[in-house]
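Chemist: quick one: sequence plus predicted model below, questions after.
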Number of protein chains: 2
Amino acid sequence: ADISSAKYSASCFPSTVGLRDLDTFPRRHLGPRPEDVSEMLKVVEAPDIETFVSNALPPKVLVKRALNIDPPQGLSESAMLRKLKEIASKNKVLRSYIGKGYYGTHMPAVIQRNIMENPAWYTSYTPYQAEVSQGRLEALLTFQTVIVDLTGLPVANASLLDEGTAAAEAMIMSFHHTRGKKRTFIVDKNTHEQTIAVIKSRANTLGLNLVVADLLSPEGISTLKASAKDLCGALVSYPGDNGEIPRITALQQIADTVHDSKGLFAVDADLLSLTLMHPPSTFGADIALGSAQRFGVPMGFGGPHAAFFAVREELKRKMPGRLVGISTDRLGKPALRLALQTREQHIRREKATSNICTAQALLANVAAAYAVYHGPEGLRDIARRVHGLAALLARAVEKNSSHKLLGDGIYFDTLRIQLSGESADQLMNRAVNTYGINLFKVNDSTVQLSLDETVTEKDLADLAELFTGNREIPDGVTDFPEFPPEWQRKDSILTNSVFHEHHSETAMLRFLYSLQQKDIALTTSMISLGSCTMKLNGTVEMLPITWPEFADLHPFVPRDQAQGYLQLIDELEHDLQQITGFAKTTLMPNSGAQGEYTGLSVIRQYHHHRGEPQRNVVLIPVSAHGTNPASAAMAGFKVVPVKCLENGSLDMADMEKQAKKNKDNLAAFMITYPTTYGLFEPGIRDAIDLTHKYGGQVYMDGANMNAQVGLTSPADLGADVCHLNLHKTFCIPHGGGGPGVGPICVAEHLKGFLPKHPLAETSNHDTTNAIDPVSSGPFGSASVLPISYAYIKLMGGENIPFSSVTAILNANYMLYRLKDAYKIQFIGSDDFKYCGHEFILDLRPFKKYHIEAIDVAKRLQDYGFHAPTMAFPIPDTLMVEPTESENLDELNRFVDSLLSIREEIRAVEEGKSEGLVLKNSPHPIEDLLQDDTVWSKRGYTREQAAYPLPYLKNFKTWPTVSRVDDVYGDTHLLCTCPPVSAYAE
Amino acid sequence: ADISSAKYSASCFPSTVGLRDLDTFPRRHLGPRPEDVSEMLKVVEAPDIETFVSNALPPKVLVKRALNIDPPQGLSESAMLRKLKEIASKNKVLRSYIGKGYYGTHMPAVIQRNIMENPAWYTSYTPYQAEVSQGRLEALLTFQTVIVDLTGLPVANASLLDEGTAAAEAMIMSFHHTRGKKRTFIVDKNTHEQTIAVIKSRANTLGLNLVVADLLSPEGISTLKASAKDLCGALVSYPGDNGEIPRITALQQIADTVHDSKGLFAVDADLLSLTLMHPPSTFGADIALGSAQRFGVPMGFGGPHAAFFAVREELKRKMPGRLVGISTDRLGKPALRLALQTREQHIRREKATSNICTAQALLANVAAAYAVYHGPEGLRDIARRVHGLAALLARAVEKNSSHKLLGDGIYFDTLRIQLSGESADQLMNRAVNTYGINLFKVNDSTVQLSLDETVTEKDLADLAELFTGNREIPDGVTDFPEFPPEWQRKDSILTNSVFHEHHSETAMLRFLYSLQQKDIALTTSMISLGSCTMKLNGTVEMLPITWPEFADLHPFVPRDQAQGYLQLIDELEHDLQQITGFAKTTLMPNSGAQGEYTGLSVIRQYHHHRGEPQRNVVLIPVSAHGTNPASAAMAGFKVVPVKCLENGSLDMADMEKQAKKNKDNLAAFMITYPTTYGLFEPGIRDAIDLTHKYGGQVYMDGANMNAQVGLTSPADLGADVCHLNLHKTFCIPHGGGGPGVGPICVAEHLKGFLPKHPLAETSNHDTTNAIDPVSSGPFGSASVLPISYAYIKLMGGENIPFSSVTAILNANYMLYRLKDAYKIQFIGSDDFKYCGHEFILDLRPFKKYHIEAIDVAKRLQDYGFHAPTMAFPIPDTLMVEPTESENLDELNRFVDSLLSIREEIRAVEEGKSEGLVLKNSPHPIEDLLQDDTVWSKRGYTREQAAYPLPYLKNFKTWPTVSRVDDVYGDTHLLCTCPPVSAYAE
Ligand SMILES: Cc1ncc(COP(=O)(O)O)c(C=O)c1O
Ligand SMILES: Cc1ncc(COP(=O)(O)O)c(C=O)c1O
Ligand SMILES: O=C([O-])O
């Protein structure tokens, strides 16, 4: 591949005019213009791109692989949209009543346009920097409040990846609750197949004993009792997969039985039905979980959707996932933040409650907004209507046909119908061909269907006609069925004022804007979070995902209705394989951490398959991201850390020592490349060879893939499997903490182990040795895949390497401008002249002046910037990753800010009062407007606090609270919306 | 119709669940919930809605007409979208090379999503309140700069309605330039037919002598010379309608000849070609005008698009339309504002330079953003490629066919081809059926086509094959044609930094956001501008307008390709006729003022047709909006004012006197209803009868139609014609000053006079007596019509009256809460217990304390609010119109703010220093952060200035400059982007 200055100009910034479309994308995606690149190259002391790249990457690493990606030059923006339209048109959008965890829903247009399609919402990161994230934090707190109110359990997290993994987390939590002593978990058989399959996958890797039983039968209780000694927990679906609603007394009996054996009782619930039905808290549930999809999030061929997870008070510190809590700020004002972060992997590593990192923040926010917009009455009306329509159809079937309704007549939205006179296949064929309707086939003579919010009067008549030959609904108007009163909860739900104030569209719009304006996102300024790759999420990549052809497909539709998706997935897998050098891909994992888990499970399966099940040790450098050890633990491995040297590179001696020591049970070596230190480790091939020598497989964490594309690849370096974060390298927006897509690509010998799915074919067509699914959807978060597809096609095989080149150049340009003012970790030594695509600012030298990394991070907010990654991978540092999409002006603004902060630190060193500005940062307007009794004592001026550089007077995003008190928040945990009075002045 | 409290609850806020869809719209559109309405009714001392309404409207006025609008209950949001999809699918989107002022263009996705589809941009009003509008003002200034740079003329306005009216404005300006003494205007015949037709329409009404001549021939110059004594100006198209580019020497000769007779020389130019061609300034143009459509704005079946208009320095104070200028604020910081407002109708009335009020701000902003994103090189590349493709096609036709290219081979994008062996109809049939291509038919053997930015290599091959049978383009790759160097301008264009800094998408996105965040729009708070009806622009109404089926249709496509549009137009006209009570509608006018002009032209034609051409007097109440007299003047009428009484109602004695006095030439009476004073004038029927008695027609200005819908109607009251502002009553967003749609509806006897169009059929199928077109597009701003269509269908015939009821109730609720604190004009007397949908706060009592209306208006910004309408219709007042979409909370916040300001005024009355906060308002953050040497002298605290009410601490939109100095701006006029240095600190 041609990686040169000449190519950069000619190919990414073509200046000749000809037949080709002019609306090319690389010049929009890449920040620096060719003339900027020349200037930047001077600063990094390189004559041209080719020289720079060959100095930045070790010779053994730089392979400049030719990427066979069609088209080489990339598609123009308009051509790409035409192509995606053509692909989309191959998806057939019928009415799907398949249900099973996925339901039609209306995303209110005001939410679609102002959250889903709004870069101010979708480009933000996980709200680590609370002071510039109060808007999203409030939205997530609202989500938690919805879940708490509807489940009746007092603590809920801010989303999990999907229903299946949430159920698996319930099992794992139950297991940990017994301190790992009891290994049997029992799932009621009337649970969605894919949920059971995902639980099974996790049970397998953790070596738990998963039992599927009919818990609602007397035998079920006997089974529970029989397992009592080893029982860690049980899970029941409410309603069940077949639509039946278990009796409260029966559920209470299960709960009691489980509790008798000190296990936890988990309930997989349907969120909409919970507006009507008794909450799981009423019958002893310890955990309630499920999908929030039908709160306004399109089915999207399987995802992304937010799962919810709520627990009893005593379990909150064991809960997986992110939790938003209310604390106070330095001035005593209420302020939101991520609570109990100490539970998470970046602290607890392999002992973390789970490996979840990226979750489904954007979708949780949509679901929260849906609840806010409808309010309790609106939601209950929707639920009542869904139930009523199902009951009317049941009535029609009973009165006007000879089919038989199965079950005891107590259901929410789902009917199971045993056919007479027609086979399931025959009826389903008629359904598709005559009415454009999909049903679920239970067996040759039984079908099942779930009604939803989007069903119209005409839809119901179609269904009636399909089953009865008669469009009439007996007494449809005069006698609309009521949800059986004895099954109805009687309490008030969603009583907080937020659910009562925004029911007109104008009010909703303003509410959403008031939140948006509090936050930093890529719409306001660079977010240089190391290891996060906050690059452009191009609009043209984003447009297609809300097209109905992508948004409105049920994941289990017949394949002929999903030809567009299947083509897109096929092409995307091909392109990712070109980029990684691997042979096969699964797009199933919904996050990087899930990718890690999947890849490790594949490795585990491989060893088992080869008859080496004892291989259970994974070597992981100490510098690794917390998800690595956490995922390894989840996949049933023992984690052995490998040291790093002073100069940042891997301690090869320790590596050799550990590999040798564990040679009989070495399963894998897990490494990020460039390493988490931002270094193109020269010894990478040696480490890989070593691993192979001792029988291990090499797992490459692809979080830093944005530095590799077209320059080198996991396969070229010798790895066996890698995951990619499509939400980093491949432009899926972070959404404030999700969605994510973490596909894994594997070498030829691992192909056969990629996951299968019980209800649909996956990318792995040969399922003989396949592992169980890792996600509920066969293709995970399918509906956001067009984004990555579009990005790759827009750049083209020849240009996409320049994303990596520019990312590396941007980082080094900053580094070179900063290196006299700050100590930069590792770079400048003989070993490393350049960093990769990110670098680490060492702030430890300032500790003696009591200046901490957090002071610099918070002070950056006063300069309008989001802080870089703090304290990862090294405490008291900031890791800066600019990405290729930032232009020279923005890089300079950020560098100038850091240099200006350096002078403020110098003031501290010199004992000048101006230095106090750091400790008091950030400065929200409210603080700045305090009167002179306060400010005369500050030691610096308001002007200095607010406008340390001149560009800030033209535009600045202000923090809305002052520094948030983390300790207070964790000790006074409050994780639902407070009553209005709490916020009042 | 049922107008009652019971109906409000049951129909707009249904609480029963049944078969009907639940996603109904009235409860989203209307602010107050039924329980709020009860509370509000108490405040206005009415027991229920029915009583309230019958006290608010005089008995003779209240007719509660039943609206035969289908469906009566309204469509649900989802059903409406389905219906519009179905309608849209009847439009066939082919490749259109018809040209003639409308060209394919790519709206960059980042601009589509972040301006066109962004409520923060599209819901704002004309930037009257400069301090909270700096973002849009900067965008418009950028538009002006683009026009100035490309035309070479030093002053450009911030858009006109379309190319045709811009050309007509050039004529009118020329006429005024001769102080009305010379009446001949000559237009070159090589000008788009519709442009000539619109000029003709204006010439007719003004009694000017329009000559169409071949100005580029020697005879043309003779014609000019022969007309010298009466010649006020001439217009030439550059390039011409047939694609030819006139020679500079020839143009200069025309300019010289026109100037010899003291006339003005206007050039109708193509903006894209101006990036390559010599600017009109080089050959003596006094005026340059044209359409900015192809700078990223979709064709949209004819509009809305921004027209541009630029003039020589000496003409700037005569220029029609809005002009953004740079002034300074109270603290000496540069600040933008609308300049030279004294030219406009609200000051100059019938003597105004034109009647233009609403223009095309949103589309001008899109065009400006397009220029910013592409920069000068990008724009020139697009132009070069468009030309090159045309030249390649010409080459193919010449080499590979026996057709003949007409013209001298100097063209930009348009070719005229004389066919051999095939008729135009035959070829065009093949074009449509085989290639999906539309061309323009010149005559039986000649076709014309214009290429554009969106043409792809394949499109060109299709065209080549269509004309030559051969897909090959001779030497297409090796010899891409260059625009002839001798025709090329050599100067640098768009040198300002704004055109060089935002070429990556990330940079562009942030630029747009930095502008957005400076402004108040409906996304932040209520905009209670009286007479402007700033109601909800529902998202679901907005979604369809960017669908390709509506966006990408050329206005002159064959009717069978526009069946969707035609159906929508037909249904919309029907519904508007139901609402107004009239017989027929034209949607052609692009604004309210254009509607006035059209309606008056129709009345003029009616009188002429009846043989009473002497009827040339229009009676207009003194309180009327400035556009009324200005439009009347434009339509060739003499304006006679009618007095109003102390109590606000029409002075019927004066009315009778004036009508009688002018009885022989009384043409019309023009009135707004409720009147511009916000009053349901009880004498309206008498005034109308009087007018009819004296042979006049009654024109109702529909600006206040939002108070009438379903309660009464122009036809019920006896009027003959009215215009509607679809951008007020019918939910088209104001876009920061346009687009607008100002249809007129007429009684049966006026039907036949509605406008025709030279290139397409309009709503008036019988053109015998039709007036000439008032807009370039046969249906004006067709692509925004789906918004009004959707609104009406979503509300339904039975619910839409509640928009009016609620608008009136909201206004009266505020009035009742305010009336003890402020003097309210007119209300409270025996005559008027209630206002209509707006009311007037009289601030004259505070003048003696040197408090002016502007102080209250600017101080409201500190409370986060946009001021109500200032000084219209009465000086030193504020006119408040809340609309029905504001809910009780927001009404209360606004009222509380005004009450709090009343206390601040009281401080002034009592001589307390806190009152100084009014004069210094608004307070941008920068002012608040000045140090204590400033603030210790202010007399009030920063806290008081910034947070006078507690809710402001949670959310507030801050003004970004302090009070703007209007006088300085007008005396130091600067209307293009300043060089960077001017803004630097
Ligand atoms: C190095 C590394 N590995 C893994 C992950 C986990 O990815 P995800 O958040 O998608 O689970 C991250 C995320 O920040 C990371 O930086
Ligand atoms: C009473 C009245 N008439 C006419 C108009 C003119 O409408 P437009 O701005 O669409 O030209 C307005 C606009 O504000 C108005 O308030
Ligand atoms: O509304 C859209 O951004 O498509």
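Modeler: Perfect, I can see it now. Ligands and ions are numbered 1, 2, ... in the order given.
Chemist: make sure I have this right: residue A:533 is in a helix.
Modeler: No: applying DSSP: H, G, I helix; E, B strand; the rest coil, one finds residue A:533 to be coil, outside a helix.
Chemist: pLDDT of stretch A:23-36, averaged?
Modeler: Stretch A:23-36 carries an average pLDDT of 98.
Chemist: can you check stretch A:364-379 too?
Modeler: When pLDDT is averaged along stretch A:364-379, the result is 98.
Chemist: and stretch A:134-145, by the same measure?
Modeler: Confidence for stretch A:134-145, expressed as mean pLDDT, is 97.
Chemist: does chain B sit close to it?
Modeler: No: Stretch A:134-145 lies apart from chain B when judged by CB under 8 Å from any CB of the partner chain; the minimum separation is 9.7 Å. Yep, even glycine has a C-beta here, placed from its N, CA and C like the rest.
Chemist: just the C-alpha atoms of stretch A:493-504, please, in PDB.
Modeler: Provided in PDB are the C-alpha atoms of stretch A:493-504 (Å, rounded to 0.1, in the frame of the first residue of the first chain):
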ATOM      1  CA  ILE A 493     -46.000   4.600  39.300                       C
ATOM      2  CA  LEU A 494     -43.700   7.200  38.100                       C
ATOM      3  CA  THR A 495     -44.800   9.800  40.500                       C
ATOM      4  CA  ASN A 496     -41.700  12.000  40.200                       C
ATOM      5  CA  SER A 497     -42.400  15.300  38.600                       C
ATOM      6  CA  VAL A 498     -40.200  14.600  35.600                       C
ATOM      7  CA  PHE A 499     -42.900  12.100  34.400                       C
ATOM      8  CA  HIS A 500     -45.600  14.700  34.600                       C
ATOM      9  CA  GLU A 501     -44.200  17.900  33.200                       C
ATOM     10  CA  HIS A 502     -43.200  17.200  29.600                       C
ATOM     11  CA  HIS A 503     -46.200  15.700  27.800                       C
ATOM     12  CA  SER A 504     -46.600  18.400  25.200                       C
END
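Chemist: near ligand 1, which residues of chain A?
Modeler: Selection of chain A residues close to ligand 1 by CB under 6 Å from any ligand atom yields A:357-358, A:531-532, A:591-593, A:625, A:627, A:672, A:676, A:701, A:703, A:725, A:740, A:742.
Chemist: please flag which of those sit within helices.
Modeler: Among the residues of chain A next to ligand 1, the subset assigned to helices under DSSP state H consists of A:592-593, A:627.
Chemist: for these, which one is nearest residue B:282?
Modeler: Residue B:282 has its nearest neighbour among those in residue A:592, at 59.8 Å by CB to CB.
Chemist: how about low-confidence regions in chain A?
Modeler: A:979-985 (pLDDT under 70).
Chemist: spell out which parts of it neighbour ligand 3.
Modeler: A:113, A:117, A:546.
Chemist: quick one: the ones in helices among the residues of chain A next to ligand 1 as TSV, columns for neighbour count and distance to residue B:303 too.
Modeler: Conversion of those to TSV gives the following (neighbours: other CB atoms under 10 Å in any protein chain shown; distance: CB to CB, whole Å):
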residue	neighbour count	distance to residue B:303
A:592	29	48
A:593	29	51
A:627	29	54
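Chemist: for these, give me JSON lines that also has distance to ligand 2.
Modeler: Putting these into JSON lines (distance: CB to the nearest ligand atom, whole Å) gives the following:
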{"residue": "A:592", "distance to ligand 2": "53"}
{"residue": "A:593", "distance to ligand 2": "56"}
{"residue": "A:627", "distance to ligand 2": "58"}
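Chemist: so which of those residues reach chain B?
Modeler: Among these, proximity to chain B is found for none (CB under 8 Å from any CB).
Chemist: which one of those is nearest to ligand 3?
Modeler: The nearest member of those to ligand 3, counting by CB to the nearest ligand atom, is residue A:592 at 27.6 Å.
Chemist: one step back: tell me the one of the ones in helices among the residues of chain A next to ligand 1 nearest chain B?
Modeler: When those are compared for distance to chain B, the smallest value, 23.0 Å, is given by residue A:592; criterion: CB to the nearest CB.
Chemist: pull the contacting residues for the closest one.
Modeler: If you count contacts by CB atoms under 8 Å, 6 or more residues apart in numbering or on different chains, residue A:592 has them with A:357-358, A:627, A:701-703, A:723, A:725, A:727-728, A:740, A:742.
Chemist: before we move on, what about residue A:510?
Modeler: Residues near residue A:510 by CB under 8 Å, 6+ apart: B:522-525, B:890.
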